[in-house]
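> Sequence plus predicted model, see below.
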Amino acid sequence: MAGHNMGQPVLILPEGAFRSTGRDAMKANISAAKFVGEVVRTTLGPKGMDKMLVDDLGDITITNDGATIVDNMKVEHPAAKMMVEIAKTQDKEVGDGTTTVVVLASSLLDQSEKLLNSGIHPTVIIRGYTMAASQAQKILEKNAMNVTLDDKDILEKIAVTAMTGKGSEAAKTELRKLCVTAVTNVAVKENGKVKVNQDDIQLVKKIGKSMAESELIEGVIIEKETLNIDMPKIIKDAKIALLDAALEVKKTETDAKISIKDPSQMQKFLEQEENALKNMVDIVKKSGAKVLFCQKGIDDVAQYYLAKNEILAVRRVKKSDMEKLSKATDAKVVSLIKDLSSDDLGFAGIVEQVKIAGDELVLVKKCKNPKAVSLLLRGGTEHVVDELERAVKDAIGGLASALEVGKYVTGAGAIEIELSRGLENYAKTVGGREQLAISAFAEALEIIPKTLAESAGLDAIDAIVSLKEKHAMEKDGINFGVDVMNKKMANMYEQGVVEPLKIKTQAITSATEAVEMILRIDDVVASSKKSMPPMPPGGGYGGGMGGMGGMGGMGME
């Protein structure tokens, strides 16, 4: 690309590079980002549709989980990548609501486009959106309800809402109880606040049986088998030792050589090795341990003596599993075997080796007050257990968010309608063109109930009008949302459709920030090495600039 100096071209950018500026660049970015929202929008709600994702190797994923969809889309356009990033942020921070945040950001961009076409400057839109997002947070806080660890009924409703539409409805009664029990087990109170480390809940998928036969293990599942066929397969009232050291004879650090001149010397050498290993096992035995989990190796001779002493042992256990075992059984991980004592041992009601779906597992269960638990997820096919895992992860994330913030709101589009009404009233108090942006923000929020209504086969406009009327006139109007299953507007709080407050606050924050960033871009320079991908069908850059691929141009990873 060249500039001009006194009539002479001056080379500024590499040959073949091109530039798009002003409204052309802005519209291109908006179109590309909106496309991601259009892809996931139809997955929203209990009657949302699924997407089939096929990667480069031909592996198929069938899901309506927003995080999974955007994670598998090979997005190339930088503006579209921002949409993927906000979905990942939502998933990381909250664990659920990824579809909501992408759809909301897409709707805000759609409203921005209308304002831009009306001659409203991007900075005015940005200022208005910032004001609207701030006011929306206040409205959310005002309408939120409290939830604690003791509110099992509300927590179960939050879990069901998170799992709805993800193929787990057939077993929702069983699964919601499992998820709530798992989360409340690992939750800890710090300075009056609840903290939930989701990594303390282990999810293990095994094909076979039905989803309803998934179970909670109050302890840890180790995906390994015992070392020796003579070792016991089940230990009750098990005292457990955790060892971060090898039960092996140490090799010398230097290349030392031993000169053996007759067979008796060799025999003595082997006996010394055996005695050293026997002494290690004796330390384990004297500690009172009947189960040993070792992060490193265990020599064959040590295995023999462990089996002889009826000690169940597993070697090369992952560090993450050792940490979970420590939290579940209250055992201490010991680094030097000579330091092992009865004070370091943990407890589990049962430790047993079982075979599930052709795999040998060691179950450490019935622990006392475990701070790490496991969910064994079952299903008829690989696709079923994969989707079940995604549903359970969303439920756990939602429960953790609800407990950590301690608040929840009514779902099914009810809170979005209340936000829209509140922002419309707020816009009337704001002077200047910013009020137009605030009103646009209010309208953008209506995309959630609109989409839910469309998925139920209802007229979206009629649904919004009806909801606004009920919110204004009914006694508990703020709880009215779209009852997708019964195709009507109803009090969704009474129906048990509730969501963590954090899902909504994070979605509004992330969506607003992403949209504002896109609106600030008025100049895009693309180098010749990697030109921008083509626009999706129906889009258009103007100015000769490329945009983002449609589904066909967006392969899957």
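That came in fine, so what should we check first? Residues are numbered from 1 along each chain as shown.

> neighbours of residue 248, just the number please.
19 (other CB atoms under 10 Å). Where C-beta positions appear, they are placed from N, C-alpha and C, glycine not excepted.

> Sorry, slip of the keys, the one I care about is residue 393.
Neighbour count of residue 393, defined by other CB under 10 Å: 23.

> Domains in the protein, by residue range?
The record's domain parsing of the chain by automatic domain parsing lists 12-146+410-552, 148-218+371-405, 220-252+265-369.

> In TSV: these, plus mean pLDDT.
TSV is the format used below for the domains of the chain (pLDDT from 0 to 100):
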stretch	mean pLDDT
domain 12-146+410-552	82
domain 148-218+371-405	88
domain 220-252+265-369	86
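
> Can you list the residue ranges for helices in the stretch 401-550 of the chain?
Listed in chain order, the helices found in the stretch 401-550 of the chain under DSSP state H, counting those that start in this stretch are 414-427, 434-445, 447-455, 460-473, 501-520.

> Let me have those helices in CSV, extended by distance to residue 319 and mean neighbour count.
CSV is the format used below for those (distance: least, CB to CB, whole Å; neighbours: other CB atoms under 10 Å):
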stretch, distance to residue 319, mean neighbour count
helix 414-427, 42, 23
helix 434-445, 45, 24
helix 447-455, 42, 24
helix 460-473, 51, 17
helix 501-520, 30, 23
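
> Looking at those, which is nearest to residue 41?
Nearest to residue 41 among those is helix 447-455 (5.7 Å), distances taken as CB to CB.

> now for the helices of the stretch 401-550 of the chain, which one comes closest to residue 86?
Minimum separation from residue 86 across those (CB to CB) falls at helix 501-520, 4.3 Å.

> now the closest one, how far from the chain's geometric center?
From the chain centre to the centre of helix 501-520 is a distance of 18 Å (CA atoms, centre = their mean, to the nearest Å).

> show me what contacts the residue lying closest to residue 144 once chain neighbours are set aside?
Computed as CB to CB, 6 or more residues apart in numbering, the closest residue to residue 144 that is not its neighbour in sequence is residue 407, at 3.9 Å. For residue 407, the contacting residues are 141, 144, 145, 146, 147, 500, 501, 502, taking CB atoms under 8 Å, 6 or more residues apart in numbering as the criterion.

> Can you check the pLDDT for residue 407?
In this prediction, residue 407 carries a pLDDT score of 92.

> Specify the beta-bridge partners of it.
Counting by DSSP bridges, residue 407 is bridged to residue 146.

> how far away is it from residue 148?
Summarising the geometry, the distance separating residue 407 from residue 148, computed by CB to CB, to the nearest Å, is 10 Å.

> cool, residue 507 as well?
In this view, residue 507 and residue 148 are 24 Å apart by CB to CB.

> rewinding a little: output the helices of the stretch 401-550 of the chain in a markdown table; the columns should cover distance to residue 63.
Putting the helices of the stretch 401-550 of the chain into a markdown table (distance: least, CB to CB, whole Å) gives the following:
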| stretch | distance to residue 63 |
| --- | --- |
| helix 414-427 | 24 |
| helix 434-445 | 26 |
| helix 447-455 | 16 |
| helix 460-473 | 25 |
| helix 501-520 | 19 |
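
> Which of those helices sits closest to residue 392?
helix 501-520 (16.6 Å).

> okay, the closest one in CSV with CA atoms only?
Listed in CSV are the C-alpha atoms of helix 501-520, where the atom choice follows Å, rounded to 0.1, in the frame of the first residue of the first chain:
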residue,chain,number,x,y,z
LEU,A,501,-27.4,-13.7,39.3
LYS,A,502,-23.7,-13.9,38.2
ILE,A,503,-24.7,-15.4,34.8
LYS,A,504,-26.6,-12.2,34.0
THR,A,505,-24.2,-9.7,35.5
GLN,A,506,-21.2,-11.3,33.7
ALA,A,507,-23.1,-11.7,30.4
ILE,A,508,-24.0,-8.0,30.4
THR,A,509,-20.5,-6.9,31.4
SER,A,510,-18.7,-9.1,28.8
ALA,A,511,-21.2,-8.4,26.0
THR,A,512,-21.0,-4.6,26.5
GLU,A,513,-17.2,-4.6,26.6
ALA,A,514,-16.9,-6.6,23.5
VAL,A,515,-19.4,-4.5,21.6
GLU,A,516,-17.7,-1.3,22.7
MET,A,517,-14.4,-2.6,21.5
ILE,A,518,-15.8,-3.4,18.1
LEU,A,519,-17.5,0.0,17.8
ARG,A,520,-14.2,1.8,18.5
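
> elements contacting that helix?
If contacts are counted by 3 or more CB pairs under 8 Å, 6 or more residues apart in numbering; DSSP states H and E, helix 501-520 sits against helix 22-41, helix 78-93, helix 98-117, helix 122-143, helix 382-405, strand 407-410.

> With distance to residue 164 as new columns, can these be given to me in CSV?
What follows is those, written out as CSV (distance: least, CB to CB, whole Å):
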stretch, distance to residue 164
helix 22-41, 16
helix 78-93, 18
helix 98-117, 12
helix 122-143, 21
helix 382-405, 9
strand 407-410, 14
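
> Quick one, which of these gets closest to residue 428.
Among those, the nearest to residue 428 by CB to CB is helix 122-143 (12.1 Å).

> Give me the buried positions along the closest one.
Within helix 122-143, the residues that qualify as buried by neighbour count (16 or more other CB atoms under 10 Å) are 122, 125-133, 135-137, 139-140, 143.

> how about the nearest residue to residue 208, chain neighbours excluded?
Closest residue in space to residue 208, ignoring its immediate chain neighbours: residue 357 at 4.7 Å, by CB to CB, 6+ apart.

> if I pick that neighbour, what's in contact with it?
For residue 357, the contacting residues are 206, 207, 208, taking CB under 8 Å, 6+ apart as the criterion.

> From those, keep the buried residues only.
Those of the contacts of residue 357 that meet the buried threshold are 206, 207, by 16+ other CB under 10 Å.

> Need the contacts of residue 357 in JSON lines (columns: secondary structure).
Converted to JSON lines, the contacts of residue 357 look like this (DSSP: H, G, I helix; E, B strand; the rest coil):
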{"residue": "206", "secondary structure": "strand"}
{"residue": "207", "secondary structure": "strand"}
{"residue": "208", "secondary structure": "strand"}
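
> export the contacts of residue 357 to TSV and tack on distance to residue 53?
Formatted as TSV, those follow (distance: CB to CB, whole Å):
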residue	distance to residue 53
206	23
207	20
208	25
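
> What is the nearest of the contacts of residue 357 to residue 167?
Distances from residue 167 to the contacts of residue 357, taken as CB to CB, are shortest for residue 207 (14.9 Å).

> isn't the closest one right up against residue 380?
Yes: Residue 207 is in contact with residue 380 according to CB atoms under 8 Å; the separation is 7.3 Å.

> What sits closest to residue 472 if chain neighbours are left out?
Taking CB to CB, 6+ apart as the measure, residue 472 lies nearest to residue 421, with 7.3 Å between them; neighbours along the chain are not counted.

> ok, that neighbour - contacts?
The contact partners of residue 421, taken as CB under 8 Å, 6+ apart, are 442, 468, 471, 472.

> ditto for residue 419
With the criterion set at CB under 8 Å, 6+ apart, residue 419 makes contact with 136, 139, 140, 442, 445.

> go again using 7 Å as the cut-off
Applying CB atoms under 7 Å, 6 or more residues apart in numbering, we find residue 419 in contact with 136, 139, 140, 445.

> Next: residue 80.
Residue 80 makes contact with 32, 33, 35, 36, 548 under the criterion CB under 7 Å, 6+ apart.

> wait, which of these is closest to residue 109?
With CB to CB as the yardstick, the closest approach to residue 109 among the contacts of residue 80 comes from residue 33, at 5.7 Å.

> any idea how far residue 517 is from that closest one?
Per CB to CB, residue 33 is found 10 Å from residue 517.

> what's the overlap in contacts for those two?
By CB under 7 Å, 6+ apart, the residues touching both residue 33 and residue 517 are residue 82.

> Now tell me what touches stretch 301-317 from outside.
By CB under 7 Å, 6+ apart, stretch 301-317 touches 222, 224, 226-228, 230-232, 235, 247, 274, 277-278, 280-281, 284-285, 289-298, 351, 362.
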